[in-house]
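Participant: Need coordinates for the following:
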Amino acid sequence: MTRGARDESGVAQAAPPPQHGKPQAPYEGRGAGAPPVTTQGLPGWLDPVVEAAVKVRPTQLSRFLPPEDGRGRQSAVLILFGEGPRGPELLLMERAGTLRSHAGQPSFPGGALDPEDGDPHTTGPLRAALREAEEETGLDPAGVQLFGVLPRLYIPVSEFVVTPVLGWWRDPSPVGAVDPAETARVFTVPVADLTDPDHRVMAVHPSGHLGPAFTVESALVWGFTAGVIDRLLHFAGWERPWDRSRQVPLDWRA
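Facilitator: Coordinates of the predicted model:
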């Protein structure tokens with residue numbers, strides 16, 4: 001990815017996983033060897049996302065929140081913003097079709113926390129998000145500036161408790177599918193395409209569930225990933241009016 005023109009957009013500040021229904025406080029966590037989290041030096045177009053991440057409540061991002069009894073597998077994803085030829089963009093990947101969970105789905109890089117990542121309630125998700133992104137896409141974590149953490153969310157079908165970690169691709173590095181058994185492809189999507197009403201639809205799951213989706217880069221981005229992108233666009237003030245009556249059915253394998 002190369003650096004390119006900027007447009008007006010925004011991103012969030014780092015915070016620990018908040019309590020249900022409460023907004024975030026600035027993230028103060030630092031552990032031995034923990035990746036630093038800072039908003040210093042970010043491009044101005046990320047300011048709205050920084051502000052949104054500080055103020056957003058868990059229930060404003062999703063109706064699926066981590067179980068109160070602590071159940072669920074702790075995991076993290078990296079929401080990585082960069083600048084490309086068409087301005088701000090997001091890094092996504094398509095999961096291999098042979099995986100047990102979320103096969104063939106476009107997603108953020110990420111996965112379950114390993115014991116060496118550390119405390120899942122403090123800096124563990126930071127390490128996990130960078131580690132998984134490197135393992136899946138080959139990116140160099142040294143070129144990524146972490147600047148925020150969104151509230152923890154829940155994916156019922158896989159029982160993952162997910163911490164979305166926000167990053168700025170300060171120094172881009174080559175990326176691609178490292179292990180074809182896990183990753184089918186790696187790609188970037190301009191934010192301009194994600195906000196384009198022509199690329200916005202409602203995905204219809206075989207169960208009947210409706211959710212926001214994006215038709216970009218020869219892919220249908222739906223599910224958890226699309227839901228988080230949808231809410232980020234909304235709370236950052238980037239969302240444009242779009243036709244929610246446009247529906248696209250998912251394949252029966254979804």
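Participant: From one end of stretch 190-203 to the other, what's the distance?
Facilitator: 20 Å (Cα to Cα, to the nearest Å).
Participant: Arg244 - nearest residue in space that isn't next to it in sequence?
Facilitator: Met202 (5.7 Å; Cβ to Cβ, 6 or more residues apart in numbering). For every residue, glycine as well, the C-beta is placed using N, CA and C.
Participant: If you could redo that for Val161, that was the one I meant.
Facilitator: Distances taken as Cβ to Cβ, 6+ apart put Gly72 closest to Val161, at 3.8 Å, once the chain neighbours are dropped.
Participant: can you give me the helices for this structure?
Facilitator: Assigned by DSSP state H, the helices in the chain fall at 47-55, 58-61, 124-137, 191-195, 223-235.
Participant: From the contact counts, what lies against the first one?
Facilitator: Applying 3 or more Cβ pairs under 8 Å, 6 or more residues apart in numbering; DSSP states H and E, one finds that helix 47-55 contacts strand 144-149, helix 223-235.
Participant: Strands of the protein, residue ranges please.
Facilitator: 73-84, 87-95, 106-107, 110-112, 144-149, 153-155, 160-169, 183-190, 200-204, 210-216, 219-221, 247-249 (DSSP state E).
Participant: Run through the neighbouring helices and strands of the shortest one.
Facilitator: The criterion is 3+ Cβ pairs under 8 Å, 6+ apart, and the helices and strands that strand 106-107 contacts are strand 87-95, strand 219-221, helix 223-235.
Participant: hang on, the earlier thing: dump the residue contacts of the residue nearest to Arg244.
Facilitator: Listed by Cβ atoms under 8 Å, 6 or more residues apart in numbering, the contact partners of Met202 are Leu210, Gly211, Pro212, Ala213, Arg244, Ser245, Arg246, Gln247, Val248.
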